[in-house]
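>>> let's see this in three dimensions:
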Amino acid sequence: MGQIILITGAARSGKSSFALKLSKKFNGKKIFIATAIPIDEEMKERIRKHKKHRKKEFVTIEEPYNLSSIINNIDKNYSLAIIDCITVWLGNIFYRHNNNSKKILNEINILLNALKNIKKNIILVTNEVGWGIVPENKISRLYRDIAGNLNKKLAILSKEVYVLFCGIPLKIKG
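Numbers count the residues shown, from 1 in each chain. Presented below is the predicted three-dimensional model:
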């Protein structure tokens with residue numbers, strides 16, 4: 001049976017680097033599931049930097065939408081998967097379903113069900129998006145609320161949970 005480790009915190013707090021550091025505890029082949037879509041030059045550069053930082057230690061799969069399918073089909077030869085980033089994936093799902101909350105929640109349930117049945121170790125990277133002011137528009141508030149609720153559900157499924165502040169990890173579960 002696999003375990004889930006959840007890493008959360010603010011944007012640019014060091015979550016991805018910490019996930020890579022934690023991955024060193026696991027021997028064997030590792031897979032990195034990236035959810036970002038290279039929509040412009042700035043995002044393409046971010047993706048290039050992330051790939052360079054991972055080096056050849058990981059097999060990378062770029063999957064912006066179908067995380068549950070990837071999770072359900074992780075090859076038995078892999079000891080660990082990192083999914084970076086859940087909140088980016090959620091934004092992709094919002095866009096794909098034109099902010100339709102019913103369809104978005106269905107996608108989330110499919111993901112949660114896949115995670116409940118994992119056989120591999122998985123590190124999930126996500127963002128805490130609700131620490132700022134209340135967003136001024138309905139879609140941003142809906143995103144913030146759904147992301148917060150998703151993170152709570154992921155924390156329940158996780159054996160360990162870390163939050164990063166200014167690059168410093170704090171273990172809050174496990």
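
>>> state which helix of the chain is the longest.
Looking across the chain with DSSP state H, the single longest helix is helix 138-157.

>>> who's in contact with that one?
4, 6, 8, 86-87, 90-91, 94, 99, 101, 104-105, 108, 112, 115-116, 124, 126-130, 134-135, 161, 173 (C-beta atoms under 8 Å, 6 or more residues apart in numbering). From N, CA and C alone the C-beta is placed, and that goes for glycine too.

>>> tell me which helix or strand of this structure sits lowest on mean pLDDT?
helix 41-54 (a mean of 82; mean pLDDT, DSSP states H and E).

>>> in that one, which residues are buried?
Using 16 or more other C-beta atoms under 10 Å as the test for burial, helix 41-54 gives 47, 50, 54.

>>> quick one, helices of this structure?
Under DSSP H, the chain gives helices at 15-23, 41-54, 67-72, 86-96, 101-116, 138-157.

>>> now the longest one: average pLDDT?
To tie it back to what came earlier, the one meant is helix 138-157. Across helix 138-157, pLDDT averages out at 97.

>>> the inter-axis angle of it versus helix 101-116?
With axes from the mean of the first three to the mean of the last three C-alpha atoms, to 10 degrees applied, the angle from helix 138-157 to helix 101-116 works out at 20 degrees.

>>> mind listing what's buried in helix 138-157?
Going by 16+ other C-beta under 10 Å, helix 138-157 has these buried residues: 143, 144, 146, 147, 150, 151, 154, 155, 157.

>>> just the buried members of the contacts of helix 138-157?
4, 6, 8, 86-87, 90-91, 94, 104, 108, 115, 124, 126-129, 161.

>>> show the contacting residues for the residue of the chain most remote from its centre.
Here the chain reaches farthest from its C-alpha mean at residue 136, the gap being 25.6 Å by C-alpha atoms, centre = their mean. With contact set as C-beta under 8 Å, 6+ apart, residue 136 has no partners.

>>> can I get the CA coordinates of stretch 53-66 in CSV?
Extracted as CSV, the C-alpha positions of stretch 53-66 are listed here (Å, rounded to 0.1, in the frame of the first residue of the first chain):
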residue,chain,number,x,y,z
HIS,A,53,16.0,21.3,-11.5
ARG,A,54,14.7,17.8,-11.5
LYS,A,55,17.6,16.6,-13.7
LYS,A,56,17.4,13.0,-14.9
GLU,A,57,16.2,11.6,-11.6
PHE,A,58,12.5,11.5,-12.8
VAL,A,59,10.6,10.4,-15.8
THR,A,60,8.3,13.4,-16.5
ILE,A,61,4.7,13.2,-17.7
GLU,A,62,3.0,16.4,-18.6
GLU,A,63,-0.7,15.9,-17.8
PRO,A,64,-2.8,19.0,-17.2
TYR,A,65,-6.2,17.3,-16.9
ASN,A,66,-6.4,13.5,-16.4
